[in-house]
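> Predicted model and sequence follow; I will ask about them next.
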Amino acid sequence: QVAGPIAAPFDEVCEGETPEIERTNVHAVYDAIASHFSATRYKPWPRVKSFLDSLPAASLVADIGCGNGKYMGEGRHFMIGSDRSRPLALIAASRAAFP
C-alpha cells in the first residue's frame, strides 16, 4: 500500500535549535512565498535531470529540500521528498505519483 504525505512534528522537535533570524528571514519567507516560488521553479536543473536519468529505472530517490517537488512526478523512480516549508511540501505532495 502506498502512503500519502506525512506531516512530521518538525516544529516541536527542531525549532528550539533554529536561530530566530533564520526562522524569520528564511523559514517564514519560504512559507509566505511558496505558491509564487513554485510557479517560477518548474524547469528541471540539467545536472539533476542528468543524474536522475543515469539511475536504473525504479531507483529509490530521496529529494531532501525538494521545494515544490518539480522532480516528484518524473515517473521513472520511487521518489521521497522532504522540505522544511510545509506549504512547499504540500505542493510537492500534490505532484507526487500516488496511485
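In hand now; what should we look at?
> CA atoms for contacts and neighbours, from now on please.
Fine.
> ok, and the closest non-adjacent residue to Val61?
Once flanking residues are discounted, Val61 sits nearest to Met79: 4.9 Å by CA to CA, 6 or more residues apart in numbering.
> For the one you found, what are phi and psi?
Main-chain dihedrals, Met79, degrees, to the nearest 10: phi -110, psi 130.
> In this structure it contacts Leu60, no?
Yes: Met79 lies in contact with Leu60 (CA atoms under 8 Å); the separation is 6.1 Å.
> between these two, who's got more neighbours?
With neighbours defined as other CA atoms under 10 Å, Met79 and Leu60 compare such that Met79 has more, 19 against 13.
> For Ala93, see how far away that one is.
Going from Met79 to Ala93 by CA to CA, to the nearest Å gives 11 Å.
> Check Ala34 too.
Distance, Ala34 to Ala93, by CA to CA: 13 Å.
> what's the longest helix in this protein?
The residue-count maximum for a helix in the chain (DSSP state H) belongs to helix 28-40.
> Could you pull up the mean pLDDT of that one?
For helix 28-40, the mean per-residue pLDDT is 95.
> and after it, which helix or strand comes next?
Using DSSP states H and E, the helix or strand that follows helix 28-40 in sequence is helix 46-54.
> Point out where the chain drops to low pLDDT.
Low-confidence segments of the chain, defined by pLDDT under 70: 1-16, 97-99.
> Can you report phi and psi for the residue nearest the centre of it?
For the chain, the residue nearest the mean C-alpha position is Cys66 (2.6 Å; CA atoms, centre = their mean). Main-chain dihedrals, Cys66, degrees, to the nearest 10: phi -70, psi -10.
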